Every structure is written in C-alpha cells, then in structure tokens.
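1. Sharing a model that was predicted from the sequence below.
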Amino acid sequence: MRVSNRGSITTALLAGTVVFLHIGPAFAANRWGADYFPNVSLTTQDGTTVRLYDDLLKGKSVAINVMYTSCKDECPLETARLVQLQRLLGERMGKDIFFYSITIDPKRDTPEVLKAYAQKYGVGPGWLFLTGKEEDIKLATKKLGLSRVRDSASKDGHGASLMVGNEPGGLWMRNSAVDTPHFLATTIGNFLG
C-alpha cells in the first residue's frame, strides 16, 4: 500500500510541475509593456519624432528623468550627475542602457533649446532629450512614475527622480537623480545585470 501511495504522490507532483511550467509564463507576462505605456509621439533634441513605447522603451533598459532647461534648482544638478553617470557606464550607453530626459516645459523647451542644453552639459551618445505635446508628456510621465500630485507644489514642479527600467523583464525601480554617480552606476549595474 505504501508503494502505491508513493507512486500516486510522485505522479501528482509531476503533474503539478507540468501544469506549473505550462502556466508559469502567463504569470511572467509583462504588465509594464505595450498595454501599460502610452505610445505617444515625442520629439528628440535633433527634431526626430519617436514613439514612447515602440521606439524608446520596447526591448530596452532605460534611465528616465524629467527636467526643464530654465530650471535653476535641481535640474542642473540632475543633469550634471547623470552626465557623470553616463561617463561611468561608458560603452554600455546606447547599447545596454539608454537615457531619456523629458521636459516638463514643452512650450519653452523646443528641440533646438534641448540640443543647446545637452551640448552645454557635454551629453554623449545614448541619451535623448525629449519634448512634445503637453498632454502627451503629462500622460507619459504619469505612466513612468515620474509625476506625483505633490510635485506641482514643489519649487521647480517635479522631484529629482530617476526611473530605471528593463522593459523586456518588466522590472522598474526609482532612484534619486542626484545620488552620487558611483552609487547609481553600481545600483543600475546590479539591477540590470
């Protein structure tokens, strides 16, 4: 009787494993993918139109912040720190990870203004500065977790957040965009592998 019972238990466990393996990928579906992120049009500092999901997020690892070029408070520090981070990441930039800075002042921050801003800070390849329609930017920053109700009450209209994500894996984390570049490089490296 014991032998028969063991056989039944083994059979049940194997069947359960097969069912788990069969439905496992359904649990791993990326809820932070095309059905979540809006595919709004944005414009780069070079005047190229891109789609948020299809062109910027899909299949990529990214670090995204919000800023505006006339900011006198946190934006200059954020940008300077991210330039240092970009240098630390070296050849991974534009290959393994992409940086995106989205303006929250699209009326003033035209592609030309964003390009001058990027040049002023010595921004290298793999980093885009983006503008677009105000309503599209609001939707994008909300879905990216980069706008909060209390941000509008802050001195410069946003927090110094850096959203780091791996879209294929559905992994996202928020950091401070003004953390030390070495800390961010280590954190991002560990997070993205």
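-> Looks like it arrived, so ask away. Residues are numbered from 1 along each chain as shown.

2. which SS state does the nearest residue to residue 130 once chain neighbours are set aside fall under?
-> Once flanking residues are discounted, residue 130 sits nearest to residue 42: 4.4 Å by C-beta to C-beta, 6 or more residues apart in numbering. All C-beta spots, glycine's among them, are computed from the backbone N, C-alpha and C. Here residue 42 is strand, with the state taken from DSSP: H, G, I helix; E, B strand; the rest coil.

3. can you count the residues close to residue 42?
-> 24 (other C-beta atoms under 10 Å).

4. isn't it right next to residue 101, touching?
-> No - between residue 42 and residue 101 there is no contact under C-beta atoms under 8 Å: 11.1 Å.

5. the helices in the chain, which residues?
-> 2-27, 74-89, 111-121, 134-143, 181-192 (DSSP state H).

6. Kindly report which one of the ones you listed carries the lowest mean pLDDT.
-> If you rank these by mean pLDDT, helix 2-27 sits at the bottom with a mean of 41.

7. ok, so what distance separates residue 96 from residue 172?
-> 17 Å (C-beta to C-beta, to the nearest Å).

8. ok, now which ones touch the closest residue to residue 128 other than its chain neighbours?
-> Spatial nearest neighbour of residue 128, chain neighbours left out: residue 44 (4.9 Å); criterion: C-beta to C-beta, 6+ apart. Going by C-beta atoms under 8 Å, 6 or more residues apart in numbering, residue 44 touches 50, 111, 114, 128, 129, 130.
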